[in-house]
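**Q** requesting a structural model of the entry that follows:
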Amino acid sequence: MTLFRDESFSSPYPPGSVSLPLGQPLYIGVFVQENDPNFVAVLDDCDVTNSSSPNDPVRRPLIQNKCPFDPQQVLVVESGTSLRARFSALLFMPPGQLSPVYIHCHLSLCSLGPCVPICSGRARRSVSEGVAIKPLTVGPISCEC
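**A** Numbers count the residues shown, from 1 in each chain. Presented below is the predicted three-dimensional model:
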């Protein structure tokens, strides 16, 4: 999982700590190295936490049940069509919080269609369940406030 500089998803930030201006959209991409072309990557759930642990109980959802939690703040660019999944998110720090955040995503590999989530509001319609992949994390991400 990689944090990219812009919506082209072609220029990644180097691994490690990243500091972004307040209000800067986050561009996150995942590429699964799988040899079987019948599989595609599906974003299941993505959350923001203040720790590097994907099991942190205090989390703010970005993607939930394969769909954006808040479509005004999260845009799924690609999920369920290839071995890469991409999304952008407007990340707002709660007032008084300047500590770094981490983004954790749970993905699955889908081989029996349909694999592209169909989201209306926050509800999800029938999508084949896939093989779960270990949660991925990017961060820490801090604010240049």
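
**Q** could I get the contacting residues of residue 13?
**A** Residue 13 makes contact with 2-5 under the criterion C-beta atoms under 8 Å, 6 or more residues apart in numbering. (Glycine included, C-beta is placed from N, CA and C.)

**Q** and the next element down the chain from the worst-scoring helix or strand of the chain on mean pLDDT?
**A** Counting by mean pLDDT, DSSP states H and E, the chain has its least confident helix or strand at strand 123-124, which shows a mean of 44. Scanning the chain past strand 123-124 towards its C-terminal end, the next helix or strand to appear is strand 131-144 (assignment: DSSP states H and E).

**Q** name only those of the contacts of residue 13 that count as buried.
**A** Neighbour counting by 16 or more other C-beta atoms under 10 Å classes 2-4 among the contacts of residue 13 as buried.

**Q** re the thing from before, could the contacts of residue 13 go into JSON lines alongside pLDDT, distance to residue 36 and secondary structure?
**A** Listed next are the contacts of residue 13 as JSON lines, based on pLDDT from 0 to 100; distance: C-beta to C-beta, whole Å; DSSP: H, G, I helix; E, B strand; the rest coil:
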{"residue": "2", "pLDDT": "93", "distance to residue 36": "22", "secondary structure": "strand"}
{"residue": "3", "pLDDT": "94", "distance to residue 36": "27", "secondary structure": "strand"}
{"residue": "4", "pLDDT": "95", "distance to residue 36": "26", "secondary structure": "strand"}
{"residue": "5", "pLDDT": "93", "distance to residue 36": "31", "secondary structure": "coil"}
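
**Q** follow-up on the earlier one: closest to residue 99 out of the buried ones among the contacts of residue 13?
**A** residue 3 (17.3 Å; C-beta to C-beta).

**Q** my guess is that closest one contacts residue 18. True?
**A** Yes. Proximity of residue 3 to residue 18 meets the contact threshold set by C-beta atoms under 8 Å, at 5.8 Å.
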